[in-house]
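> No sequence on hand, only this structure:
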């Protein structure tokens, strides 16, 4: 179905130095403006972020510090980007949680006030998640073509989960019917612990949230023991606490090439 547009809409995506929307910077931006008559204007440009690109970001994007060292900074191109968005609706994938936050911060550093809420925002990811809910009932219907009766009764939910896993193995040829390999597939490669409170930063564990997001655990053991004690006293997952306690008491730190116990 063709887009029914009353005014132009800009679809955009950012590649960044990392995953912190307030501190990380843009290293590549692509904007495609779709006009009501179907015409498209495409602008893609790499950006000098004026800070190092994390190893994780380079691994994912293929963009290194060397690739962007001679590119213009965001501040140098900010007025042109702002004008490109002016009078347009805005769309993208996961823009509300990340890309728009990064873009707004970059405009702020460039001395430009960018109010995303003044535009109509269409986040394609949110449509996807609302139309294809991530529930056991939806999974059973998708993989097994049947409805879940007696949902939220524990036994029924467990039986349905077994059916869904078997349905997934039937549907996806690249999934091996081996529990160790399935467990490896289910891991989030960004996370040190099970809940993502600690993230990998290169080969080292770093804080994945809050005011110390991105700081290495080994550095905080030396410089901010009080912050780590706050985590240990707080309502954080036990595996997160165990990793931090081992770092403080025994000097044992998780390594990406070994287990984090």
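That came through fine. Keep in mind the model is a prediction, meaning the values are calculated, not measured.

> Can you find the helix or strand in the protein with the smallest mean pLDDT?
Among the helices and strands of the chain, helix 179-186 carries the lowest confidence by mean pLDDT, DSSP states H and E, at a mean of 85.

> Can you name the element that comes right after it?
strand 198-201 (DSSP states H and E).

> Please state the offset of that following strand from the chain centre?
Here the centre of mass of C-alpha atoms in strand 198-201, compared against the chain's by Cα atoms, centre = their mean, to the nearest Å, lies 13 Å away.

> How about residues contacting the least confident helix or strand of the chain?
Helix 179-186 is contacted from outside by 175-176, using Cβ atoms under 8 Å, 6 or more residues apart in numbering. All C-beta spots, glycine's among them, are computed from the backbone N, C-alpha and C.

> any chance you could map the helices in the stretch 151-261 of the chain?
In the stretch 151-261 of the chain, helices defined by DSSP state H, counting those that start in this stretch lie at 154-171, 179-186, 217-223, 225-233, 238-250, listed in chain order.

> In a markdown table: the ones you listed, plus mean neighbour count and distance to residue 145.
Formatted as a markdown table, the entries for these read as follows, by neighbours: other Cβ atoms under 10 Å; distance: least, Cβ to Cβ, whole Å:
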| stretch | mean neighbour count | distance to residue 145 |
| --- | --- | --- |
| helix 154-171 | 14 | 9 |
| helix 179-186 | 10 | 22 |
| helix 217-223 | 15 | 46 |
| helix 225-233 | 13 | 45 |
| helix 238-250 | 16 | 37 |
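
> Adding distance to residue 75, write those helices out as TSV.
Listed next are those as TSV, based on distance: least, Cβ to Cβ, whole Å:
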stretch	distance to residue 75
helix 154-171	47
helix 179-186	42
helix 217-223	30
helix 225-233	32
helix 238-250	38
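
> Going by mean pLDDT, which of those helices comes out lowest?
Ranked by mean pLDDT, the helices of the stretch 151-261 of the chain bottom out at helix 179-186, with a mean of 85.

> next one: that one to chain centre, how far?
The offset between the C-alpha centroid of helix 179-186 and the centroid of the whole chain comes to 21 Å, using Cα atoms, centre = their mean.

> just stretch 27-46 next, same as before
What separates the centre of stretch 27-46 from the centre of its chain is 22 Å, taken as Cα atoms, centre = their mean.

> Report the mean per-residue pLDDT for that stretch.
Mean pLDDT, taken over the full extent of stretch 27-46, equals 96.

> now do stretch 109-120
What stretch 109-120 shows for mean pLDDT is 93.

> surely residue 216 meets residue 200?
No - because the distance of 10.5 Å does not satisfy Cβ atoms under 8 Å, residue 216 is recorded as not touching residue 200.

> anything in contact with each of the two?
Shared contacts of residue 216 and residue 200, defined by Cβ under 8 Å, 6+ apart, comprise residue 206.

> the more surrounded of these two?
When neighbours are counted by other Cβ atoms under 10 Å, residue 200 comes out ahead of the other of residue 216 and residue 200, with 20 against 17.

> For beta bridges, what are the partners of that one?
residue 205 (DSSP bridges).

> hang on, the earlier thing: please identify which of the helices of the stretch 151-261 of the chain is closest to residue 56.
helix 217-223 (15.8 Å; Cβ to Cβ).

> List the contacts of the closest one.
Residues external to helix 217-223 that are found in contact with it (Cβ under 8 Å, 6+ apart): 198, 204-207, 212, 227-228, 243-244, 247-248, 253.

> go again using 7 Å as the cut-off
Taking contacts as Cβ atoms under 7 Å, 6 or more residues apart in numbering, the residues outside helix 217-223 that touch it are 198, 204-207, 212, 227-228, 244, 247-248, 253.
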